[in-house]
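Chemist: No sequence on hand, only this structure:
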């Protein structure tokens with residue numbers, strides 16, 4: 001059941017992403033030759049009109065194959081390559097946009113059902129670094145160092161990124177903005193290979209007013225923005241060598257984490273299962289949306305770069321050169337996938 005749940009979540013993310021491309025293509029009069037969920041050999045397929053709708057063997061990925069997507073088709077107005085630059089940009093961006101929309105919908109569902117913490121402090125441990133620095137119950141944290149805070153989760157994130165170094169915490173009290181410098185405490189966690197966790201002594205945060213539709217929309221939006229920010233923070237850590245190999249996960253690692261989350265929440269009840277699954281959908285859908293728009297060849301973001309260059313130059317890039325760049329990017333992505341699968345097998349099993 002755990003595996004089925006993980007596959008269904010993957011399938012939903014891919015379905016929504018490719019549905020974005022599909023609907024945008026149809027809206028702009030582009031012929032979609034195949035709409036596929038999964039990769040590899042075809043398991044089942046149904047043809048409706050000029051489009052083949054198929055489910056394929058491997059539940060990782062999917063695609064929306066459009067006429068003239070990778071080559072020039074001169075004699076068909078329905079070809080992707082024959083549409084305006086603006087229309088092609090809309091089609092390329094639509095997949096990621098649908099993923100962000102999906103993340104927002106489920107974020108609002110979570111906030112509407114379970115509420116959401118604000119960044120206003122609710123209780124501090126006596127003699128903790130935060131208490132000794134002057135923070136008190138009711139203070140609203142707005143910055144950690146130079147990072148603007150939109151979610152309570154960011155506070156712990158930025159504290160741990162500094163690895164025990166002093167941090168500046170900016171907060172509001174009765175409309176007045178104040179700054180304090182705090183040196184976090186450290187805790188060794190034996191259950192996580194003796195990793196260190198840093199904290200300043202905040203026990204809890206106040207929650208939003210439940211039942212308020214505007215609050216649900218606001219905090220649902222902020223939850224999605226937080227996960228988008230986390231993607232860029234993680235990429236920055238990866239570039240600067242702050243991430244260890246065991247911290248990098250691919251599809252198998254993600255499925256393993258989903259399975260663990262499902263198993264734990266199933267012990268409590270259906271509501272917790274639903275909220276846990278919804279949380280994974282928000283996290284993964286926001287990640288998929290952002291990652292797909294990175295300027296990496298073979299991804300939507302790589303195609304978007306070429307389209308923007310075409311719009312600026314007012315003439316297309318040489319198709320053969322563009323195809324070669326995307327091919328190289330695809331090969332590099334496949335190499336990365338091999339590494340991720342190897343890393344997942346080693347860490348998970």
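Modeler: Cool, got the structure. None of the values given here were measured: they were computed from a predicted structure.
Chemist: mind listing what the nearest residue to residue 178 once chain neighbours are set aside touches?
Modeler: Setting aside the residues directly before and after it, residue 178 is nearest to residue 171 in space (C-beta to C-beta, 6 or more residues apart in numbering), at 6.0 Å. All C-beta atoms are positioned from the backbone trio N, CA, C, and that covers glycine. Residues counted as contacts of residue 171 (C-beta atoms under 8 Å, 6 or more residues apart in numbering) are 121, 135, 139, 140, 141, 142, 177, 178, 179, 180.
Chemist: Are any of these buried, and if so which?
Modeler: Neighbour counting over the contacts of residue 171 (16 or more other C-beta atoms under 10 Å) leaves 121, 135, 139, 140, 141, 180 as the buried ones.
Chemist: Spatially, which two of these are the most separated?
Modeler: 140 and 180 (13.5 Å; C-beta to C-beta).
Chemist: okay, which residue is most central for this structure?
Modeler: Nearest to the mean C-alpha position of the chain, counting by C-alpha atoms, centre = their mean, stands residue 287 at 1.5 Å.
Chemist: I'd say that one and residue 231 touch.
Modeler: Yes. Counting by C-beta atoms under 8 Å, residue 287 touches residue 231, with 5.6 Å between them.
Chemist: Residue 306 is in contact with residue 318, isn't it?
Modeler: No. Using C-beta under 8 Å as the test, residue 306 is too far from residue 318 to be in contact (10.1 Å).
Chemist: quick one, which of these two is more surrounded?
Modeler: Ranked by neighbour count (other C-beta atoms under 10 Å), residue 306 and residue 318 place residue 306 first, with 20 against 9.
Chemist: Just confirm the more buried one is within a helix.
Modeler: Yes. The assignment for residue 306 by DSSP: H, G, I helix; E, B strand; the rest coil puts it in a helix.
Chemist: three-state assignment of the residue nearest to residue 178?
Modeler: strand.
Chemist: again, but for residue 130
Modeler: Secondary structure for residue 130, judged by three-state DSSP, is helix.
Chemist: Let me see the contact set for it.
Modeler: 121, 124, 169, 182, 200, 201, 202 are the contacts of residue 130 under C-beta under 8 Å, 6+ apart.
Chemist: re earlier: what's the spacing between the residue nearest to the centre of the chain and residue 141?
Modeler: 25 Å (C-beta to C-beta, to the nearest Å).
Chemist: again, but for residue 189
Modeler: Residue 189 is 24 Å from residue 141, by C-beta to C-beta.
Chemist: One more: residue 276?
Modeler: 27 Å.
Chemist: same deal with residue 99?
Modeler: Relative to residue 141, and taking C-beta to C-beta, residue 99 is found at 30 Å.
Chemist: Residue 263 now?
Modeler: For residue 263 relative to residue 141 (C-beta to C-beta), the value is 34 Å.
Chemist: residue furthest from the geometric center of this protein?
Modeler: residue 75 (39.4 Å).
Chemist: Can you give me the pLDDT of that one?
Modeler: Looking at residue 75, its pLDDT is 77.
Chemist: Could you confirm it falls within a strand?
Modeler: No. Counting by three-state DSSP, residue 75 falls outside a strand, being coil.
Chemist: returning to what we had before: got a pLDDT number for the residue nearest to residue 178?
Modeler: According to the prediction, residue 171 has pLDDT 95.
Chemist: Specify the local secondary structure of residue 58.
Modeler: With three-state DSSP as the criterion, residue 58 reads strand.
Chemist: list the contacts for residue 294?
Modeler: Counting by C-beta under 8 Å, 6+ apart, residue 294 touches residue 301.
Chemist: Just confirm residue 78 contacts residue 49, I think it does.
Modeler: No. Using C-beta under 8 Å, residue 78 is not in contact with residue 49, being 11.6 Å away.
Chemist: quick one, which of those two is more surrounded?
Modeler: Neighbours per residue (other C-beta under 10 Å) separate residue 78 from residue 49, with residue 78 holding more: 17 against 7.
Chemist: My read is that residue 219 contacts residue 109, right?
Modeler: No. With contact defined as C-beta under 8 Å, residue 219 does not count as touching residue 109 (11.8 Å).
Chemist: what about those two, which has more around it?
Modeler: For residue 219 versus residue 109, the count of surrounding residues by other C-beta under 10 Å is larger for residue 219: 24 against 17.
Chemist: The more buried one and residue 107: what is the separation?
Modeler: Per C-beta to C-beta, residue 219 is found 8 Å from residue 107.
Chemist: tell me which element residue 39 falls in.
Modeler: Per DSSP states H and E: residue 39 is located in strand 32-48.
Chemist: what's around residue 23, how many residues?
Modeler: Neighbour number of residue 23 under other C-beta under 10 Å is 15.
Chemist: Surely it and residue 94 touch.
Modeler: Yes. Counting by C-beta under 8 Å, residue 94 is a contact partner of residue 23 at 6.9 Å.
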